[in-house]
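Colleague: Coordinates for the following, if possible.
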Amino acid sequence: MFSTKYTVVYVELLMVCFIFVSVMLSKVSRDLGTKNEVRAFKWMLRIFLVMMVLDSITQIHHARLIQPSLTAISLVYATYMFLIGLMSLMWLAFAEMQINERVIQDPRFIAFCAALAVLFAIPCYGTLVTGWMFSFDADGVFQRGPFFVICNALSYTGVIIATIRSLYASMRTTAPSRKRRMRMLASFMLAPLIGALLQWLIGGYPMVGPCLCIGIMFVFVSLQNDMIHLDALTGLNNRKSLDRYLEEIRPHASELKSYYLFIVDADEFKKVNDRLGHIEGDRALRRIADALRMTGDAFYGFIARFGGDEFVAVTENSYLKDPEDFVKAMSDNLKSICEKHKIEYPLTVSIGYTRIASPSMHTGKILSAADQMLYAKKKEKT
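Modeller: Numbering: from 1, shown residues only. Purely as a prediction, here's the structure:
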């Protein structure tokens with residue numbers, strides 16, 4: 001049983017966490033990611049807030065400062081443990097959408113998450129009858145059940161999967177900004193891990209909640225910092241990120257390790273704005289960005305919005321033997337997206353490219369070479 005002094009301090013700490021996360025929740029904006037990414041992140045924060053309230057109740061009960069009925073307190077404990085698993089699933093959904101935005105449309109992923117949620121719920125609420133996870137003795141003291149550790153570990157399945165997937169994605173990408181974001185997603189696992197370790201070292205005193213709060217704050221601040229380097233409309237890297245990336249890779253370019261830079265320009269985009277308005281023009285740009293993101297992922301490329309209706313992609317020659325493969329994939333992906341979203345006007349792109357095979361090629365020369373080919377491609381279409 002924890003001392004009254006410790007319980008009061010711990011509950012006060014949880015309330016501080018509650019306030020911080022509440023402020024965070026109010027600051028989450030659309031610019032933080034796609035609509036679904038923002039929705040998943042917000043739900044994770046809401047679940048955490050409820051967890052902090054329930055954790056406070058369990059700790060006050062643990063210190064014997066309140067004596068509710070065993071049924072009521074059992075439901076509080078069971079719900080708290082279930083919410084740990086649910087929050088873990090929300091983190092998995094958020095991380096998976098960061099890795100691959102289209103995953104939320106995959107019924108297999110949705111079915112997998114639903115199955116995990118049911119798997120969490122069964123032992124958490126079934127323990128009210130079976131005592132698998134916990135029970136209370138005659139004096140109302142909390143007792144761990146025979147499967148407490150296993151079920152508790154199962155609750156973090158979503159975080160564990162997200163960590164493995166993020167690490168794998170970080171190893172596959174060459175884009176510094178994406179690599180940095182994937183590593184940030186993977187590092188979230190450290191929060192509950194450190195909390196559990198501290199809890200074990202200091203004799204069972206609860207520490208997971210505050211450590212989770214620190215992990216959430218780290219993710220939020222990282223996402224806010226990333227916004228500086230992202231284009232607000234499309235969510236792609238912006239011009240500043242592109243310039244920095246080119247300066248990073250250019251010194252390492254050689255005949256053996258070369259890069260292809262593509263400039264993607266929307267065809268007759270001015271007509272879309274003039275005839276259908278700027279809102280539809282923005283929608284068209286987002287569709288082009290989606291197609292470029294799909295193509296860039298396929299070839300492990302760095303993608304950015306260059307400005308206006310122009311975009312840039314850079315990929316290593318080890319992932320792309322023939323640059324025309326990229327051009328064809330981009331056109332096919334854009335056509336597929338237009339059909340899916342029932343875009344009734346022609347939305348196509350022209351693409352110029354150049355090869356970066358020497359450190360002596362400065363950024364201006366690289367972009368100029370690709371731009372010249374782009375101009376020639378556009379001229380062919382007129």
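
Colleague: Now do the contacts for residue 89.
Modeller: For residue 89, the contacting residues are 113, 116, 117, 120, 158, by C-beta atoms under 8 Å, 6 or more residues apart in numbering. (C-beta placed from N, C-alpha, C; glycine too.)

Colleague: Just the local confidence number for residue 174, please.
Modeller: With respect to pLDDT, residue 174 scores 64.

Colleague: What is the neighbour count of residue 155?
Modeller: 23 (other C-beta atoms under 10 Å).

Colleague: Can you tell me the closest non-neighbouring residue to it?
Modeller: residue 85 (3.9 Å; C-beta to C-beta, 6 or more residues apart in numbering).

Colleague: on that earlier part again, report the buried members of the contacts of residue 89.
Modeller: The neighbour count (16 or more other C-beta atoms under 10 Å) marks 113, 116, 120, 158 as buried among these.

Colleague: Surely the third one is in contact with residue 80?
Modeller: Just to be clear, that refers to residue 120. No: with contact defined as C-beta atoms under 8 Å, residue 120 does not count as touching residue 80 (11.9 Å).

Colleague: Which residues are in contact with each of the two?
Modeller: What both residue 120 and residue 80 touch, as defined by C-beta under 8 Å, 6+ apart, is an empty set.

Colleague: element containing residue 271?
Modeller: helix 269-276 (DSSP states H and E).

Colleague: helices or strands up against that helix?
Modeller: Using 3 or more C-beta pairs under 8 Å, 6 or more residues apart in numbering; DSSP states H and E as the contact test, the elements touching helix 269-276 are helix 278-298.

Colleague: quick one: contacts for residue 251?
Modeller: Taking C-beta under 8 Å, 6+ apart, we find residue 251 in contact with residue 359.

Colleague: For the helix or strand where residue 54 lies, buried residues please.
Modeller: Here residue 54 sits within helix 35-62, counting by DSSP H and E. Buried residues in helix 35-62, counted by 16+ other C-beta under 10 Å: 37-45, 47-49, 51-52, 54-62.

Colleague: OK, contacts around residue 52?
Modeller: With C-beta under 8 Å, 6+ apart, residue 52 has these contacts: 14, 15, 17, 18, 21, 209.

Colleague: Please pick the buried ones from those.
Modeller: Buried among the contacts of residue 52 (16+ other C-beta under 10 Å): 14, 17, 18, 21, 209.

Colleague: Next, work out how far apart the closest residue to the second one other than its chain neighbours and residue 52 are.
Modeller: Distance criterion C-beta to C-beta, 6+ apart; nearest residue to residue 17, sequence neighbours excluded, is residue 213 at 3.9 Å. Plainly put, residue 213 is 8 Å away from residue 52 if you go by C-beta to C-beta, to the nearest Å.

Colleague: what's the distance between the residue nearest to residue 155 and residue 154?
Modeller: 7 Å.

Colleague: Tell me the residues that contact both of these two, please.
Modeller: Jointly contacting residue 85 and residue 154 under the rule C-beta under 8 Å, 6+ apart are residue 120.

Colleague: The helix or strand harbouring residue 353 to helix 278-298, inter-axis angle?
Modeller: In the assignment (DSSP H and E), residue 353 maps to strand 349-356. Relative orientation of strand 349-356 versus helix 278-298 (axes from the mean of the first three to the mean of the last three C-alpha atoms, to 10 degrees): 40 degrees.

Colleague: show me where this protein has strands.
Modeller: Taking DSSP state E, the strands of the chain run over residues 134-136, 142-144, 259-266, 302-307, 310-316, 349-356.

Colleague: what's the spacing between the second one and its chain's center?
Modeller: Distance of strand 142-144 from its chain centroid, counting by C-alpha atoms, centre = their mean, to the nearest Å, is 36 Å.

Colleague: mind listing what it pairs with, with the direction of each?
Modeller: Strand 142-144 has the following strand partners under DSSP bridges: strand 134-136 (antiparallel).

Colleague: what is the mean pLDDT for the partner strand?
Modeller: Per-residue pLDDT values across strand 134-136 average out to 88.

Colleague: ok, and what's touching it?
Modeller: Outside of strand 134-136, the residues within contact range by C-beta under 8 Å, 6+ apart are 70, 73, 74, 77, 127, 142, 143, 144, 145, 148.

Colleague: Among those, name the ones in helices.
Modeller: 70, 73, 74, 77, 127, 148 (DSSP state H).

Colleague: Tell me the spacing between the nearest residue to residue 68 once chain neighbours are set aside and residue 378.
Modeller: Residue nearest to residue 68 in three dimensions, not counting chain neighbours: residue 61, with 6.9 Å by C-beta to C-beta, 6+ apart. The spacing between residue 61 and residue 378, counted by C-beta to C-beta, is 71 Å.

Colleague: Same question for residue 92.
Modeller: 44 Å.

Colleague: next one: residue 79
Modeller: Distance from residue 79 to residue 378, counting by C-beta to C-beta: 60 Å.

Colleague: Now do the residue located most distally from the centre of the chain against residue 103, distance only.
Modeller: What lies farthest from the middle of the chain is residue 138; by C-alpha atoms, centre = their mean that is 45.9 Å. Distance of residue 138 to residue 103, given as C-beta to C-beta: 49 Å.
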